[in-house]
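Q: With the input below, show me the fold.
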Amino acid sequence: MYILLLFKNFFMEKKIYLAMLHKIGINQKKLHIIFKNNSDYKDFFDNLSYNILFDLNFTDKQIEYILKEKKEIDINKIKEKLESRNVNIVTINDENYPYFLKQVPNFPYLFYLRWKIDNSPKIAVVWSRKITSYWESAIEKIVWDISSYFTIISWWAAWCDTKAHQVAISHWNKTISIIGTWIDIDYPVLNKKLYDNIVFTGWWIISIFPIWEVWNSYNFPIRNEIVAWLSVWVLVVEAKSKSWTLITSNLALDLWKDLFAVPWDFFKLNSEWCNNLIKKWMAKLVTCSEDILVEYNILSKNINKKRIDFSDLLEEEIYNLLILEWLTIDQIANKIWISVSVVSFKLSMLEINKLIKKNYWWKYEVF
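A: Below is the predicted model:
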């Protein structure tokens, strides 16, 4: 145990320099280029110079800013901040980097995480910010049930997103908050208590923004895209025709992810987008949690309530994929970026343990 702790501290010490590089103005795209073939963050930080940055196509103005920030940054303050909030830095080289996030065209090189993230199926619940009593009741009725089977992802905005997280944690079910600031900032301030409750109950908060990054309008679309990519499907509870919600729901449609929508009074502006999604057959109408659960045979099989001891994380990933849909070996391999031979072996082990089976269409499904 002591040796494992030493290893953890060693790798975290290295990643602190990565966080500092991110903070002083080296964005996610540049980090991909710089550390494509190595991960010696400390060495790169220590030797940072005008020539190195110029070769990486930074402008003179950017180089001036980065070198100035490097002189002023305090590693002890950064370290203290990360440790005080138990923040983990997850990179694309880490095993717990979500495979769905790697499918983003410009997926982040790193993100900041409070606690840890697992491979359970994740569901985005999105809507406009101002909430009525109707929508609040809809959230309580639907999210309460589906959070027993899926991890609830939302944006961390006031009112409606707050409600989704509250419903999930009130029943000790999993929830993830994707925030538009750095992970240390309680924005909006009125959600600070909920923020602490999510951490206290052991669920997760994720940010891809640098240390001390405050909120701004440019961050919100990026945050919404992360929500769409991490989820396996999206539930739209409320949205006007012009809303941040449209970014997430449109991206979900582009990704061929299942979209569900809750209908309401067609005279109300806040129900305009939901009603249109349903009318145009782009989303399935939802009036209760059963409308969602039957899509994945969860009601009949009750599969997620099984307690299963998997031999490794890869088996769990494959099993969770098959909870949602029937897949061939090739489809599974493409989704999780693993060779067909490895997937075949894992499927065999799951079959031997009577957790999955192959159907008549040569696709695998759970028992």
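
Q: quick one: residue 54 from residue 258, how far?
A: The gap separating residue 54 from residue 258 is 47 Å, by CB to CB, to the nearest Å. C-beta coordinates here come from the backbone N, C-alpha and C atoms, glycine included.

Q: and those two? which has more neighbours close in?
A: Taking other CB atoms under 10 Å, residue 54 and residue 258 do not tie; residue 258 has more neighbours (19 against 13).

Q: which residue sits farthest out from the middle of the chain?
A: Seen from the C-alpha centroid of the chain, the residue lying at the greatest distance (CA atoms, centre = their mean) is residue 51, 36.3 Å away.

Q: Helix, strand or coil: sort out that residue for me.
A: Assigned with DSSP: H, G, I helix; E, B strand; the rest coil, residue 51 falls in the helix class.

Q: pLDDT score assigned to it?
A: Note on residue 51: pLDDT of 94.

Q: and if you look at residue 338?
A: pLDDT, residue 338: 84.

Q: what sits against residue 39?
A: 14, 91, 93 (CB atoms under 8 Å, 6 or more residues apart in numbering).

Q: what's the next secondary structure element after the helix or strand containing residue 169?
A: Following DSSP states H and E, one finds residue 169 within helix 160-170. As assigned by DSSP H and E, the chain's next helix or strand after helix 160-170 is strand 175-178.

Q: Starting from that following strand, tell me which strands it pairs with and how they run.
A: Using DSSP bridges, strand 175-178 pairs in its sheet with strand 151-154 (parallel), strand 204-207 (parallel).

Q: Show me what counts as buried in it.
A: 175-178 (16 or more other CB atoms under 10 Å).

Q: Out of these, flag the one nearest to residue 345.
A: Residue 345 has its nearest neighbour among the buried residues of strand 175-178 in residue 176, at 30.4 Å by CB to CB.

Q: so how far is residue 165 from the closest one?
A: Counting by CB to CB - residue 176 and residue 165 are separated by 9 Å.

Q: Now do the shared contacts for those two.
A: Common neighbours of residue 176 and residue 165 (CB under 8 Å, 6+ apart) are 152, 154.

Q: All the strands of the stretch 201-350 of the chain, residue numbers only.
A: Taking DSSP state E, counting those that start in this stretch as the criterion, the stretch 201-350 of the chain carries its strands at 204-207, 233-238, 258-261, 284-285.

Q: Sheet-wise, list the partners of the shortest one with their directions.
A: With DSSP bridges as the criterion, the sheet partners recorded for strand 284-285 are strand 258-261 (parallel).

Q: just how off-centre is the partner strand within its chain?
A: The chain centroid and the centroid of strand 258-261 are separated by 18 Å under CA atoms, centre = their mean, to the nearest Å.

Q: for the stretch 1-150 of the chain, what spans make up the strands?
A: Secondary structure of the stretch 1-150 of the chain (DSSP E, counting those that start in this stretch): strands located at 87-91, 110-114, 122-127.

Q: Could you identify which of those has the lowest mean pLDDT?
A: strand 122-127 (a mean of 77).

Q: got the angle between it and strand 233-238?
A: Counting by axes from the mean of the first three to the mean of the last three CA atoms, to 10 degrees, strand 122-127 points 20 degrees away from the direction of strand 233-238.
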